[in-house]
Structures are given as structure tokens and as C-alpha cells.
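Peer 1: One predicted model, sequence on top.
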Amino acid sequence: MRHFWRCESAAANFLKLPKANSQGGGQSLSGCPESKIFISSWDLGDWEIMSDKESGKGPLHGKKIVLLAEYYASGGTRTYLKQLLDLYAASGAEIVLVGLKTAPDCEIAEWLEKYGFEYMCYWNILGKDVTSSSEAKPGIWSPYFIRKERKAFRRHLKSEAVDGIVVSAGTPGQFAGAAGAAARGMYILHTYPHGRRQRYLGRWVMRNSLKKVGQLVAVSDFQKREMTRLWRLGQRSSRVIVIRNTAGNPLTELGRPDRVPFVVMTASWLEPYKEPWEWLQVARGVSQEMGSEQVRFVWLGEGSMLSLCREAVENAPNGVHVEFAGPQDDLSEAYSQADVYLQMSSIENMSLSVIEALRYGTPAVCTNVGGLPEIVVDGKTGVLIPVHDPNAAAAAVVSLLKNRELRIGMSSSASRRYQMEFSYDKWSAQMLTVHVRVFVRMHTGEAGPTELSHGKTQL
């Protein structure tokens with residue numbers, strides 16, 4: 001496979017890293033004084049990460065890795081996939097992306113071509129007819145299927161002389177067999193285990209399926225706790241590290257015009273657990289309190305409830321300005337114009353949309369569930385409200401819209417929190433740390449701790 005390493009990502013501009021600090025603590029990887037990236041001192045040891053202009057090589061140079069990814073036409077798993085591809089190109093790895101479709105869609109195909117990466121269909125590796133398997137889904141709860149998947153991927157990795165495998169999954173347990181097919185493997189999970197099957201079968205199926213995986217990555221502390229509890233990981237929980245999501249580099253020029261109507265936005269899938277009916281109740285309550293011409297509510301995104309929600313808006317009483325705009329390719333203008341971000345989810349992990357709101361300095365009103373409290377600091381970067389309480393949400397939105405100084409203060413705190421905790425540089429440094437440990441240090445027999453420091457944020 002051809003190997004290209006193009007410096008088209010922020011991750012490709014890593015500065016030389018100081019050698020391990022015997023005193024412990026974190027090292028700053030950023031040349032920008034406003035943005036510090038913390039990484040535990042053992043992480044890269046004597047490795048010096050250099051830009052491609054200096055050496056043309058990265059810390060994963062020459063490592064051939066299979067990236068088995070669950071991703072869709074839009075949403076967080078797709079964004080995460082593109083971030084991983086950027087990281088691999090910057091660090092010099094050779095990647096074979098494995099997906100469920102017979103071929104990648106046009107956008108992903110362009111990314112693969114840009115970096116010289118390859119693509120392979122998951123079902124080809126399993127030895128199944130691709131045409132008949134185009135809509136099939138891998139088994140999650142079948143020990144037989146998991147063993148079959150592990151055996152097929154073990155055979156493939158050996159025949160292709162691959163150094164290891166990385167699984168990026170949005171469904172708990174998806175591709176668990178493949179993740180354990182190599183001595184050097186990682187399993188990145190984007191959501192937390194929940195539901196009846198996870199409660200009653202997770203301790204047996206998931207724990208046994210993932211016991212051969214070298215490194216598990218969660219995106220929130222809440223998710224790690226749920227994985228440990230439902231899957232009964234016990235001491236194995238030390239193999240689970242938390243690397244929080246990112247929405248990109250921090251924005252330096254922020255500011256919103258003082259104008260009416262105010263804009264309250266949501267960018268999310270329109271699914272039942274996102275509670276769109278409660279969201280509509282909030283819109284009605286805020287409009288009644290503020291006046292029909294003072295505020296506008298916008299929901300950006302697709303999902304199974306999009307048509308139902310649009311019908312509900314058509315039948316809504318006058319005086320409530322609500323729009324379900326559907327999927328959008330670019331949300332930057334929407335975030336930059338929004339005065340408040342609203343998330344009414346009853347189930348949520350590390351919401352990329354709420355993280356994006358931090359990035360744009362948009363105060364967020366969110367339910368106090370899952371990983372959301374790890375994003376929003378109540379009273380400083382936004383307001384946390386009880387789940388299924390649209391009245392509390394409406395009151396929080398009204399208080400922010402009526403108090404300009406409060407909004408400005410929360411906006412500044414949100415931007416600082418994003419810069420310190422969720423920047424792309426911090427995410428890429430921590431992710432690269434884990435990859436070096438799994439694919440370089442494990443290869444040489446070195447060991448190291450599995451916990452990364454998140455650093456401290458001052459608001």
C-alpha cells in the first residue's frame with residue numbers, strides 16, 4: 001500500500017516533545033500560551049514528535065493499522081472517523097479503513113484518496129457475499145458470531161502483516177470480536193451501555209468478548225463507570241481510559257450581535273430519547289414569557305421524528321416561532337448566531353453538539369444526564385436542569401435571554417473551558433499517546449500506565 005503523509009491537519013504540526021519528566025504531571029504540547037495540552041509524563045517517553053517538514057516521519061511511521069469503523073451519513077461517529085483519519089495521516093500510519101458498505105461514500109473516499117489510505121468491506125473479510133450482506137448487521141449478542149468474527153479478522157490481519165487493529169464503534173459491543181483479533185488492539189466506544197440486554201447479558205457477553213482487547217477507550221467518565229458496572233469489568237476497568245471528544249480547534253473571534261429575535265438552537269438527531277416534544281413545550285413556555293416576536297427556536301438535524309415534528313409545528317398555535325430545519329452540512333453560522341443552546345435528552349453520553357456549543361461560546365441549557373455534566377459547568381458555562389422538566393428548562397432559557405451580562409459571562413467561560421478541555425490539540429495528543437503505547441511500546445515490550453490526565457480548567 002502506498003504511504004502518503006500530508007500535513008493537512010493540526011495534528012501534523014506537533015512540536016518537539018520534552019522527554020519524560022521524572023516529577024510526573026503534565027507536559028504542554030502547545031506553542032500557544034492560551035491553549036495547554038496535558039499529557040501524562042510516561043506517554044511518549046523519549047519519542048520526539050516532529051513536524052513533517054523536519055523529518056517526514058511521525059511516531060506511527062511504518063505501522064500498518066486496520067481501522068474498523070461504524071459510521072453513518074452524518075453525526076458524531078462520522079466526525080470522529082474523519083478526525084482519526086487526520087490523526088493517522090499526521091502521525092505516519094498506514095491505514096486500511098474497513099466499513100460495512102461495499103465501498104465508501106464520496107466524501108470518505110476523497111479523504112482516503114487524499115491520504116493514500118485504502119478501503120475494504122467488512123463482509124469480504126468474513127467471507128460473505130457482499131451484495132447479499134449490504135443491509136446486514138454484525139451480531140452483537142451471539143457468542144458464535146463474535147468467535148467467527150474474531151477468527152476471520154485474525155486470519156486477515158495475519159495474512160496482510162498488519163500491526164494491529166483499531167475499532168471505532170457507536171453501538172456497545174459492535175465489532176467486539178474483531179477488536180480482540182490482534183495482540184495489539186484498541187476499542188473506542190462512543191456511547192455508554194444501557195438497556196435491558198446490557199443489564200442482563202452485558203456481564204457475560206461483553207466482558208468475555210472484550211477481554212482480549214488491549215486498550216478500551218471511553219469518551220466520558222460516566223461511560224467508563226457504566227461499562228465497569230454493567231459489564232462487571234472489575235480490575236479490568238484499568239484498561240479503560242477516557243479521552244473526551246473534540247469539535248475542532250478553539251475559535252479566537254467570537255461575538256454575537258445584539259438583535260431580536262433571540263435564537264435558541266439545537267443540533268441533534270430527532271429521535272425519541274432527544275425528547276423533541278418536551279423541547280416544543282420549552283419553546284411554547286419561553287415564547288409566552290418573552291413575547292412571540294422576541295425569540296425563535298431552531299432544531300437542526302435529521303432522524304425518524306423529523307416529519308412528525310414538522311407536522312406538529314404546522315398545527316402549533318400562532319406566536320411560537322419554531323423551525324425543524326433538517327440536516328445541514330455546515331452548522332458554523334447557526335452556532336455563531338445562537339444565543340442559547342438547548343438539549344433536552346433523557347439519554348446522552350458526551351454530546352458533540354453540546355461540545356460544539358462550548359467551542360462557539362454559546363451558553364447551554366442541558367439535562368443533567370449521562371456525560372453532559374462533564375461538558376457543562378452548572379452556573380458557569382450553562383445551566384443543568386432535571387430530566388423531563390420542560391418548565392425548569394424554559395425558566396433557565398428565559399433567565400439567560402433576559403440577562404445580557406449573564407450570557408456574556410457564560411459565553412467567555414464556555415470558550416475557556418473548550419480551549420482547556422476539548423480542543424483538537426488536546427484530543428489528538430491524548431489519542432496519539434494511546435496509539436504509541438499500544439502499537440509501539442507494546443511491540444517493544446515497554447509498559448506504562450493507562451490513565452491520561454485531563455488537566456485542570458479554571459473558569
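Peer 2: Perfect, I can see it now. Numbering: from 1, shown residues only.
Peer 1: hang on, Gly173 packs against Asn208?
Peer 2: No: when contacts are counted by C-beta atoms under 8 Å, Gly173 is not listed as touching Asn208 (11.0 Å). C-beta here means a position set from N, CA and C on the backbone, and glycine is covered the same way.
Peer 1: Show me which of the two is the more surrounded one.
Peer 2: Remark: of Gly173 and Asn208, Gly173 carries more neighbours, 24 against 14, as counted by other C-beta atoms under 10 Å.
Peer 1: Please report the distance of that one from Ala267.
Peer 2: Distance, Gly173 to Ala267, using C-beta to C-beta, to the nearest Å: 27 Å.
Peer 1: And for Glu333?
Peer 2: 12 Å.
Peer 1: Between the two, which is the more surrounded one?
Peer 2: Ala267 (23 against 9).
Peer 1: so that one makes contact with Phe324?
Peer 2: No: using C-beta under 8 Å, Ala267 is not in contact with Phe324; the gap is 11.7 Å.
Peer 1: overlap in contacts of those two?
Peer 2: Trp299 (C-beta atoms under 8 Å, 6 or more residues apart in numbering).
Peer 1: Output the below-cut-off pLDDT ranges for the chain.
Peer 2: Where the chain drops to pLDDT under 70, the residues are 1-56, 130-135, 253, 255-257, 317, 442-459.
Peer 1: Show me how the record splits it into domains.
Peer 2: Domain segmentation of the chain under automatic domain parsing yields 10-248+423-444, 262-421.
Peer 1: can I get those domains in JSON lines with distance to Leu254?
Peer 2: Output for the domains of the chain, formatted as JSON lines (distance: least, C-beta to C-beta, whole Å):
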{"stretch": "domain 10-248+423-444", "distance to Leu254": "13"}
{"stretch": "domain 262-421", "distance to Leu254": "4"}
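Peer 1: sec struct for Val96, please.
Peer 2: Following DSSP: H, G, I helix; E, B strand; the rest coil, Val96 is assigned to strand.
Peer 1: Next, count neighbours for it.
Peer 2: For Val96, the count of nearby residues is 20 (other C-beta under 10 Å).
Peer 1: Same question for the one 4 residues further on.
Peer 2: Taking other C-beta under 10 Å as the neighbour definition, Leu100 ends up with a count of 19.
Peer 1: Ok, Leu126 next?
Peer 2: 18.
Peer 1: Relative to Leu352, how far out is it?
Peer 2: 30 Å.
Peer 1: Enumerate every residue touching Ala169.
Peer 2: Going by C-beta under 8 Å, 6+ apart, the list of residues near Ala169 reads 69-70, 175, 187-190.
Peer 1: Phi first, then psi, for it.
Peer 2: Ala169 adopts backbone torsions of phi -120, psi 140, taken as degrees, to the nearest 10.
Peer 1: what's the answer for His61, then?
Peer 2: Dihedral angles for His61 - degrees, to the nearest 10 - are phi -60, psi 130.
Peer 1: ok, and the closest non-adjacent residue to it?
Peer 2: Leaving aside its chain neighbours, His61 sits nearest to Gly92 (3.4 Å; criterion: C-beta to C-beta, 6 or more residues apart in numbering).
Peer 1: ok now stretch 385-398, how far from the chain's centre?
Peer 2: 26 Å (C-alpha atoms, centre = their mean, to the nearest Å).
Peer 1: centroid residue for this structure?
Peer 2: Nearest to the mean C-alpha position of the chain, by C-alpha atoms, centre = their mean, lies Asn245 at 4.1 Å.
Peer 1: so that one, which of the three states?
Peer 2: coil.
Peer 1: do Arg225 as well
Peer 2: helix.
Peer 1: pretty sure Cys366 is in a strand, no?
Peer 2: Yes: Cys366 forms part of a strand when assessed by three-state DSSP.
Peer 1: What distance separates the opening and closing residues of stretch 248-264?
Peer 2: 22 Å (C-alpha to C-alpha, to the nearest Å).
Peer 1: Now tell me what touches that stretch from outside.
Peer 2: Outside stretch 248-264, the residues that reach it (C-beta under 8 Å, 6+ apart) are 10, 34-35, 283, 286, 290, 293-298, 321, 336-342, 359-361, 397, 401, 404, 411, 415, 418-419, 423-425.
Peer 1: List buried residues within those.
Peer 2: 10, 35, 283, 286, 290, 295-298, 321, 336, 338-342, 359-361, 397, 401, 411, 415, 418-419, 423-425 (16 or more other C-beta atoms under 10 Å).
Peer 1: Where strands are concerned, which of the residues you listed count?
Peer 2: Counted as lying in strands by DSSP state E, out of the buried ones among the contacts of stretch 248-264, are 295-298, 340-342.
Peer 1: In CSV: these, plus distance to Gly99.
Peer 2: Below are these laid out as CSV (distance: C-beta to C-beta, whole Å):
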residue, distance to Gly99
Val295, 42
Arg296, 39
Phe297, 36
Val298, 32
Val340, 37
Tyr341, 31
Leu342, 33
